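**Student:** Quick check, what structure comes out for this input:
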Amino acid sequence: MRSLIFLFLLSAIFSCNSNSKSSENKLVNADKKDFTKEELLEINREREMVEFKLIEKYIERRGWEMERSGSGLFYSVYDSASTPGPKATEKRVATIEYVVSLLNGDTVYTSEEDGLKEFVIGMDHVENGLHEGITYMRVGDRARFIIPPRLAHGLAGDRKKIPMHSSIVYDVKLVSLK
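**Tutor:** This is a model prediction of the structure:
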């Protein structure tokens, strides 16, 4: 198990071209010792910083204006309904049209192929970042969310189309609230 964690962390750090020599040294010597809780937390913080830089570059390349919430969700309501509908709040049932893609541009899920998504805000099993992002919207609004791995599918991915430790991009229209 330790060797799998080591290989994952090593590949994640090197694949992101991190300039942190201290992280590289920790990982290179990882097979010779156990990680302390503090070392694992530091490696995780460094990995999150690398991911946020990748997301910021993605946003910059597209010329999008997005805000970042305290949790780390990047969001933008880019098309407000001409007649503002009710605001999305927890415990309401949201129905959305969506396109989900990866930062490399691959589209992985769409409502056109998979049907509209319906979920109870704050309660059902969808990405935490989607729960949060929807609360910035009103019925009829269109928004984009870039959800970092810890607010999406985490280290495992969704074991279908979303790879391990992937940020995902949601383009969403809030169709209705119940």
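**Student:** and the closest residue to Ile59 other than its chain neighbours, how many neighbours?
**Tutor:** Excluding its sequence neighbours, the residue lying closest to Ile59 (CB to CB, 6 or more residues apart in numbering) is Met66, at 5.4 Å. Where C-beta positions appear, they are placed from N, C-alpha and C, glycine not excepted. For Met66, the neighbour count with other CB atoms under 10 Å is 18.
**Student:** what about Met66, distance to Gly133?
**Tutor:** Distance from Met66 to Gly133, counting by CB to CB, to the nearest Å: 11 Å.
**Student:** overlap in contacts of those two?
**Tutor:** Common neighbours of Met66 and Gly133, counting by CB atoms under 8 Å, 6 or more residues apart in numbering, are Tyr75.
**Student:** Residue ranges in the protein under the pLDDT threshold?
**Tutor:** The model of the chain has pLDDT under 70 over residues 1-33.
**Student:** try 50 this time
**Tutor:** Applying pLDDT under 50 to the chain picks out residues 1-32.
**Student:** That one - how does it break down into domains?
**Tutor:** The chain breaks down into these domains under automatic domain parsing: 2-62, 67-177.
**Student:** Could you dump the ones you listed into TSV with mean neighbour count added?
**Tutor:** Shown next, in TSV, are those (neighbours: other CB atoms under 10 Å):
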stretch	mean neighbour count
domain 2-62	14
domain 67-177	17
